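*Asks:* sharing a model that was predicted from the sequence below.
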Amino acid sequence: MRHIISILLENESGALCRVANLFSARGYNIESLTVAPTEDGSLSRMTLVTTGSDKVIEQITKQLNKLIDVVKLVDLSEGVHIEREMMLIKVRTLDEGREEVQRLSDIFRGRIVDVSDRSYTIELTGAGDKLDAFIAALDEGDIIEVVRSGVSGIARGESGLKI
Amino acid sequence: MVADFFVGGSNDPGEAVLELSGAEIVIRSLADEGVEFLFGYPGGAVLHIYDALFAQDKVKHILTRHEQGATHAADGYARSTGKPGVVLVTSGPGATNAVTGIATAHLDSIPMIVITGQVPRAMIGTDAFQEVDTVGITRACVKHNFLVNDVADIAETMKKAFYVATTGRPGPVVVDIPKDITDPSIKIPYKYPKTVSMRSYKPAKKGHARQIKKAVELINGAKRPMIYAGGGVILGEATKSLITFTRYMGSPITLTLMGLGAYPASDKQFVGMLGMHGTYEANMAMHECDVLIAIGARFDDRITGKLDDFCPHSKIIHIDIDPSSISKNVQAHVPIVGHVEPVLKDLLKALREAKAKPDKKGQTAWWKQVAEWQGKDCLRYRDTKTVIKPQYAIETLCKVTKGNAFVTSDVGQHQMWAAQYYGFEKPRRWINSGGLGTMGFGLPAAMGVQLAHPKAQVACVTGESSIMMCIQELSTCRQFNLPLKIINLNNGYMGMVRQWQEFFYEKRYSESYLEALPDFVKLAESFGHVGIRVDKASDLEDALKEAFKMKDRLVFLDIMVDPKENVYPMIMAGRSHHEMHLMPEGDAG
Ligand SMILES: Cc1ncc(C[n+]2csc(CCOP(=O)(O)OP(=O)(O)O)c2C)c(N)n1
Ligand SMILES: [Mg+2]
């Protein structure tokens, strides 16, 4: 099962390494990992997407909690939540293709953020499968570059992950 | 001699502010933590700190002959006292040499603070002379580590290091200190923090009342209850509560390799150690019990054997301070996260209030069954007057020391025999590297034990291969007059390796024979100690007595034991508890 684990951790040098180290040392999967400071500069918020059986996920959350730099965490997949990922994608656009790409981008609510004679760069935000679908809709040979941010997530409703 | 940096600096209001350098702060904070011994080895990056050390005599430095020795000695000190062991080493090779000792402490949850020198801040990352990324290298084998970035942070970091190392599930903490922030010319006001609080670290204390209630329900009416306790009981100072609890239960109790001494070996409820080389009765009782109470133990693979067939008939109550230990290898039906001491007290109280007890008739039948297993006499061996059986050597050691010695060990067959045949009556007396299995641990660990208990009998049970790994520490023993007794069970082989090769590799003894061994008697003598070689079983007891009579000398007993003896019982790796191999009939005498 795929899980999205959201972590508040001390914004200290090495904190990110401890999390990454834990996953490699214990052989857990990381599908994606994003991290940035929060409104409180002493804390970072990390969103980590991983897969594993219930038993493995239980160990992952326990081991994460054991890290001294981890202040709090929540497994977002246990409740209703919003999941977003941002993608920047550069596509080769020649002749008729140019209009086709623009149309596709509109359908997916993407924004063209850079233009050259022979390419568009499109910014697209959504759940991971939407980004996948957009990539699939394009002609593979036309894709010059794909940059995905990894998943960020937040729980629905008024409660939040805070200290 | 009292250094000026010991005058003032208390937290009393109105007292003059004490200005100290980073190096002085390091030493002064150790003194403020009540540290008696600092085990270490100097080098460039820590010279300012060594200079501050020179100016005082509150913290006594123990110069080992290798940084590995320093970490194991601090570890032995910690295991035998319950207080954290403290180490000081230089950057680069000093730090890497310490890694084995840090990992050893980590796997057995031993509180330790390791201060490592680092190159000056401006040179970090430049591949400077004696630079290694100590925080990076040790990250995977510490409870936590710090790189101190500012002289103003040293005192608080030291406080945090002691707090993290000694609370919750204990463990080693590394504090990496760049040389420039220990500069003697830069002084700042010193105050050692009285308390520390970390929002990201809140170790569990009491167990959850609802879980305790569930445990009471399971125990009530249990027909074949079994207690399985480990090193957590010793670390948590819960021996007394464990004894009271076990008496109340009336059930059999087994201990892990790390837990020996947490319950008196001579007590009739004790059925011996469990696991790969555990007793027949302990392992069979694990297999057949209906309620298992695991206390401060972590279901290590050397304990459980084949997981699918572990305690197949049993409901499991698991008490541990570390939530990640619970349901990691074996699913617990009733997990109780908390410090073992208050949890045991609360559980006992709840049992008494509910008048909950195991089923009387059931338990009578259970003990009858246990007695039948005990009838196998699985630790029996063929005693001789000539060839020295290693089991006999340990039994005799136990007899001569009246079961009262501190016994450290190295790793191998001798370790298992010491665990099986020395009856430990008290906690913190049996000191071995159970988790990492570090050869070379025994001698330096014994030094730490002897320093902490100068009058006590301290024996290091070792093998001719293990002892060679930290043999240089004999020199440290000379310098500090540590009258250890080294019990070298010399079988001329890496016995444990040889045993596996005999069983699983058709006796192809690949590289498990140590050729060109030294003359240990002469070796001991060259370090200024006494060496005695024992070849005959009939001489052994007298030799041991003679050794222990020399109260102020280190005696190295080189005991030539049966080279082909194997450790039994044995559960082969991947097998389950009821599939034990016992000593072949002919050998069991
Ligand atoms: C540092 C280290 N290297 C290798 C091993 C693997 N090992 C485990 S037991 C053993 C043999 C120990 O021989 P000895 O000290 O003579 O003890 P014996 O088994 O003969 O009693 C070895 C090599 C280890 N545990 N630690
Ligand atoms: Mg040997």
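*Replies:* Good, I have the coordinates. Ligands and ions are numbered 1, 2, ... in the order given.

*Asks:* torsion angles phi and psi at B:L38?
*Replies:* When read as degrees, to the nearest 10, the backbone of B:L38 gives phi -120, psi 120.

*Asks:* could you list every residue that touches the residue lying closest to B:R508 once chain neighbours are set aside?
*Replies:* Among residues not flanking B:R508 along the chain, B:Q501 sits closest, at 6.0 Å (Cβ to Cβ, 6 or more residues apart in numbering or on different chains). C-beta here means a position set from N, CA and C on the backbone, and glycine is covered the same way. When contacts are counted by Cβ atoms under 8 Å, 6 or more residues apart in numbering or on different chains, B:Q501 touches B:507-510, B:512.

*Asks:* which SS class is the closest residue to ligand 1 within the stretch 51-200 of chain B?
*Replies:* At 7.3 Å from ligand 1, B:T100 is the closest residue in the stretch 51-200 of chain B, using Cβ to the nearest ligand atom. Here B:T100 is recorded as helix under DSSP: H, G, I helix; E, B strand; the rest coil.

*Asks:* continuing past the strand or helix carrying A:I60, what's the next helix or strand?
*Replies:* Assigned by DSSP states H and E, A:I60 belongs to helix A:54-66. Counting by DSSP H and E, the element after helix A:54-66 in chain order, helix or strand, is strand A:70-75.

*Asks:* in chain A, what residue lies closest to chain B?
*Replies:* Per Cβ to the nearest Cβ, A:K62 is where chain A lies closest to chain B, at 3.8 Å.

*Asks:* make TSV from the contacts of B:Q501 and add distance to ligand 2 to it.
*Replies:* Output for the contacts of B:Q501, formatted as TSV (distance: Cβ to the ion, whole Å):
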residue	distance to ligand 2
B:K507	17
B:R508	18
B:Y509	12
B:S510	15
B:S512	9
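
*Asks:* report the buried members of those.
*Replies:* Taking 16 or more other Cβ atoms under 10 Å in any protein chain shown as the criterion, what is buried in the contacts of B:Q501 is B:S512.

*Asks:* so what's the backbone phi/psi at the residue of chain B found nearest ligand 2?
*Replies:* Ligand 2 sits closest to B:G463 of chain B, with a gap of 3.5 Å, by Cβ to the ion. Backbone geometry at B:G463, expressed as degrees, to the nearest 10, gives phi -120, psi 160.

*Asks:* now the helices for chain A?
*Replies:* For chain A, the helices defined by DSSP state H occupy A:15-25, A:54-66, A:96-107, A:128-137.

*Asks:* picking up where we left off before, surely the residue of chain B closest to ligand 2 meets B:G412?
*Replies:* Yes: shown here, B:G463 and B:G412 form a contact pair, counting by Cβ atoms under 8 Å, at 4.8 Å.

*Asks:* same drill for those two, tell me which one is more crowded.
*Replies:* B:G463 (29 against 26; other Cβ atoms under 10 Å in any protein chain shown).

*Asks:* buried residues in the helix holding A:I60?
*Replies:* A:56-64, A:66.

*Asks:* before we move on, what about stretch A:81-90?
*Replies:* Buried residues in stretch A:81-90, counted by 16+ other Cβ under 10 Å: A:81, A:83-90.

*Asks:* CA atoms of it as PDB?
*Replies:* Provided in PDB are the C-alpha atoms of stretch A:81-90 (Å, rounded to 0.1, in the frame of the first residue of the first chain):
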ATOM      1  CA  HIS A  81      -6.400  14.400   2.600                       C
ATOM      2  CA  ILE A  82      -5.300  16.500  -0.300                       C
ATOM      3  CA  GLU A  83      -2.300  15.500  -2.300                       C
ATOM      4  CA  ARG A  84      -0.600  17.700  -4.800                       C
ATOM      5  CA  GLU A  85       2.400  17.600  -7.000                       C
ATOM      6  CA  MET A  86       3.900  20.200  -9.300                       C
ATOM      7  CA  MET A  87       5.500  19.400 -12.600                       C
ATOM      8  CA  LEU A  88       7.500  21.500 -15.000                       C
ATOM      9  CA  ILE A  89       7.600  19.900 -18.400                       C
ATOM     10  CA  LYS A  90       9.400  21.000 -21.500                       C
END
